[in-house]
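Chemist: for reference, the sequence and a predicted model appear below.
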Amino acid sequence: MRVLMFGWEFPPHIAGGLGTACYGMVRGLANNGVDVLFVMPSASGDEDGRVARIINASDVEAADITCTPLDFLERINFLRIGTNMIPYVDPEDFTEMVEKDRHSQAEEFKVNFKQKYKFSGKYGTNLMEEVARYALVGGTIAMQNRFDVIHAHDWLTYPAGVAAKRLTGKPLVIHVHATEYDRSGENVNTQVYAIEKMGMEAADRVITVSNLTRNIVINRYGISPDKVFTVHNAVDFSNRNEMEVHRGVPEKVVTFLGRITYQKGPDYFIEAASKVLRYYKNVRFVMAGSGDLLNRSIRRVAKLGIADRFHFTGFLKGADVQRMFAVSDVYVMPSVSEPFGISPLEAMKTGVPTIISKQSGVAEVLRHSIKVDFWDIDAMADAIYGILRYPALGAMASRCGLDEVNTLKWNNAAKKIKEIYLSTID
Amino acid sequence: METKPSICIYFQVHQPDRLRQYRFFDIGNDHHYYDDFANRTILRRVAERCYLPMNRLLLDVIAACGKKFKVAFSISGSVIEQFEAYAPEVLDSFRELAATGCVEFIAETYSHTLASLFSMSEFEKQVKLHSNLVTKYFGKKPKCFRNTELIYSDEIGAAVSRMGFSCMLTEGAKHILGWKSPNYVYTNAVNPKLKLLLRNFTLSDDIAFRFSDRSWDKWPVDADKYVAWLQDAIKDGEVINLFMDYETFGEHQSASTGIFEFMRALPEAVLSQTDFEFCTPSQVIKKHQPVAPLNVPFPISWADEERDTTAWLGNELQNEASSKLYALTDKVIAAEDPELSKDFLRLQESDHFYYMCTKFFSDGAVHNYFNPYDTPYEAFINYMNVLSDFILRVDRRLKQE
């Protein structure tokens, strides 16, 4: 079985968790006997080609026109409808004609817009344009390759997935790692919302990373529950090296690590920290990451007068992330809305006890983590205090957490994904 | 003349003092630990669904059978205090049962604790306290003993015997009995004066756990069917001990399952169709001779598949909390403060440790049903916050002196 997969990033060049998840998933699929053609906007050449064939969309010739992703899809749709309306032919002939037609359409397509576009692959101001071009190129790639199923990750690649489906007629699986509601709360970007909804509606199956996300897809996007399936993410630690870290401070360290944005709930972490510090002195808090709420967070910490015990590290990546976990005694993920949330798993892998919000998908799979409502700063403070103050708690959460995280394998998740592929083919 | 076989029915009545949500900022500031609202609500609910209707039913049955129906109760001090506060009419109806002369009241630890596993002196103190309470309410000093959750070992049995009890109830655990039948009277391995009655867990759980289980191949059960099982079981033995939580009736098995009708019909069916006589534990040990001593080197209980004490003690959280708690034993005695002693007893209730059990991840919906916390971690944090405050109070009190 072969899958054409549209992604946005792939290790080692990643901005978020999506690339890491794709990597693990593709490896798991390979172990389950599924070949993957992985398309990404801007491959650097040092991606791990052992697990999937990487197609760099920047190397593919396609249009250089200014249009929105939805415009483009309407065009494809229009072309198909325009040429397929041939009355009074028998089904066999019809199929043949349509197939011929489709291929010629795609050829035309290439001839008309014979130009390469260099994708930046980064989230930026002309993102919409990039998404549209990615869709154009996606369509082209779909016509050039043979595969059984199309799989598209997150809204940036939905138009490409939908284009590929319309041009080839192959089933489309949309993978929802996050929705606009997770990223922006109630103030959704309507353009993004429209693309997401279009992708979900066009898809034969929608995979969500948690039941939390599944409910959003069903309730907020109005997608039929029959085609929405939850496959919880897994985590792959095979390339990880254990590291010895020297701690600079004698106090216990409580860590927040992630983008400092509305979605991640940094405010609640700060308020909880301030409560703990009133009763327990032998502790420092660290907020690692950057984001649009960073400055506001710094101001709030200063105003609370806890800045000598509350530290900001800025954006961390690679080994620094692991080092941060290694010096931590408690990891807190107070996300307001987290479709899955892989970072607590990394913390647990390092043996750090975790406190996670109940509004996270990962809370559905973890038992040995303390779960609190993100807004309940009293409960959060209490849990932090509990781990710091009662060593047995941390010891047990650490030991059992490690065992637990070791059982979350991509091979198992990939098996479920493969079953979903198969269900679209019958 | 050959001795007739016996049925010994015993019910456990207990409700814990559930803790309120106690944050660490309360430590040192607020010394009220209990969720009075939840405790009152739950007690009133169980009283209406179980204690009151079931007591009424037993009174009716005793009257109808001409006092041939006998039953035993163990009512923890914790729940008696709650009855006093929230549902005194339940105590009246238990007194009414006591007055029939068909009911035996059994001693246990005052607040349903695990003291027997930690401190024999604390254990004896609590048993005495409970015996006095039972004597005060029901007019008769208990002669039989049952430990919290039927926890038993040779050592505990010997201590119970030293306290003057002649009979103790425990679990007919398979790993202890091996080929032996639970349907005989046994004795303690150290002191043969202490007779042991062993729970027939199959027949007890047929009522307590499986009665309403529609996926069970023997469902539904009626009195005639159950009587046939009793007759079958007694082919190997002399006495069948049916020990269960009293809350089985109307609470764990709701009235709609027909549990009350079943219990109303059972005594009459037994008495009319079989040779069985209903006996209280004290009557059983007078009527039947013990067959052998029973060796139980390590504590057993009636909980879970393992029938050991791992539902309360075993994981790091439970061990830490219980060892910190019992380390206070001597200090609390030295403090001589009635308020502290009272809280110390309540904090010892085994239920608090049960909530910290991680076994329910794999084992038994039973654990979930009884648990007010989402996870054992939350249970531990809350308990340790309360305990931290309690330790502060004890230390302050000792400093004052």
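Modeler: Received it, and whenever you're ready, just let me know what you need.

Chemist: so which residues on the stretch 301-426 of chain A come close to chain B?
Modeler: A:367-371, A:378, A:381-383, A:385-386, A:389-393, A:395-397, A:399-400 (Cβ under 8 Å from any Cβ of the partner chain). For glycine as for every other residue, the C-beta is placed from the backbone atoms N, C-alpha and C.

Chemist: if we use 10 Å, what do you get?
Modeler: Counting by Cβ under 10 Å from any Cβ of the partner chain, the residues of the stretch 301-426 of chain A close to chain B are A:353, A:355, A:358, A:366-372, A:378-379, A:381-400, A:404.

Chemist: among these, which ones are in strands?
Modeler: Among these, DSSP state E puts A:355, A:370, A:371, A:372 in strands.

Chemist: can you give me every residue that contacts residue B:216?
Modeler: By Cβ atoms under 10 Å, 6 or more residues apart in numbering or on different chains, the contact set of residue B:216 is B:206, B:209, B:210.

Chemist: out of the helices and strands in chain A, which is least certain?
Modeler: Sorting the helices and strands of chain A by mean pLDDT, DSSP states H and E puts helix A:69-84 at the bottom, at a mean of 40.

Chemist: PyMOL command to pick out the buried ones of the residues of the stretch 301-426 of chain A next to chain B?
Modeler: This is how PyMOL selects the buried members of those, with burial counted by 16 or more other Cβ atoms under 10 Å in any protein chain shown:
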select buried, chain A and resi 353+355+366+368+369+370+371+372+378+379+381+382+383+384+385+386+387+388+389+390+392+393+394+395+396+397+398+400+404
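
Chemist: does the residue in the stretch 51-200 of chain A that chain B sits nearest to count as helix, strand or coil?
Modeler: Residue nearest to chain B within the stretch 51-200 of chain A (Cβ to the nearest Cβ): residue A:182, separated by 23.1 Å. Secondary structure, DSSP: H, G, I helix; E, B strand; the rest coil: residue A:182 is helix.

Chemist: how many other residues sit next to the nearest residue to it once chain neighbours are set aside?
Modeler: Once flanking residues are discounted, residue A:182 sits nearest to residue A:337: 4.5 Å by Cβ to Cβ, 6 or more residues apart in numbering or on different chains. For residue A:337, the number of neighbouring residues by other Cβ atoms under 10 Å in any protein chain shown comes to 24.

Chemist: do the same with residue A:174
Modeler: Neighbourhood size, residue A:174 [other Cβ under 10 Å]: 31.

Chemist: assign it to helix, strand or coil.
Modeler: Counting by three-state DSSP, the backbone at residue A:174 sits in strand.

Chemist: how near is the closest residue to it other than its chain neighbours to residue B:290?
Modeler: Of all residues not flanking residue A:174 in the chain, residue A:203 sits nearest, at 3.9 Å (Cβ to Cβ, 6+ apart). Distance from residue A:203 to residue B:290, counting by Cβ to Cβ, to the nearest Å: 73 Å.

Chemist: those two: who's more crowded?
Modeler: residue A:203 (26 against 16).

Chemist: got phi/psi on that one?
Modeler: Taking degrees, to the nearest 10, you get phi -70, psi 150 for the backbone angles of residue A:203.

Chemist: quick check: it touching residue A:172?
Modeler: Yes: the pair residue A:203 / residue A:172 is scored as a contact, 4.9 Å apart, by Cβ atoms under 10 Å.

Chemist: any common contacting residues for those two?
Modeler: Joint contacts of residue A:203 and residue A:172 (Cβ under 10 Å, 6+ apart) are A:150, A:151, A:152, A:158, A:161, A:162, A:165, A:424.

Chemist: greatest separation within those residues: which pair is it?
Modeler: Using Cβ to Cβ, the pair of the shared contacts of residue A:203 and residue A:172 lying farthest apart is A:158 and A:424, separated by 16.2 Å.

Chemist: where does chain B have low pLDDT?
Modeler: Scanning chain B for pLDDT under 70 picks out the ranges B:1, B:360-370.
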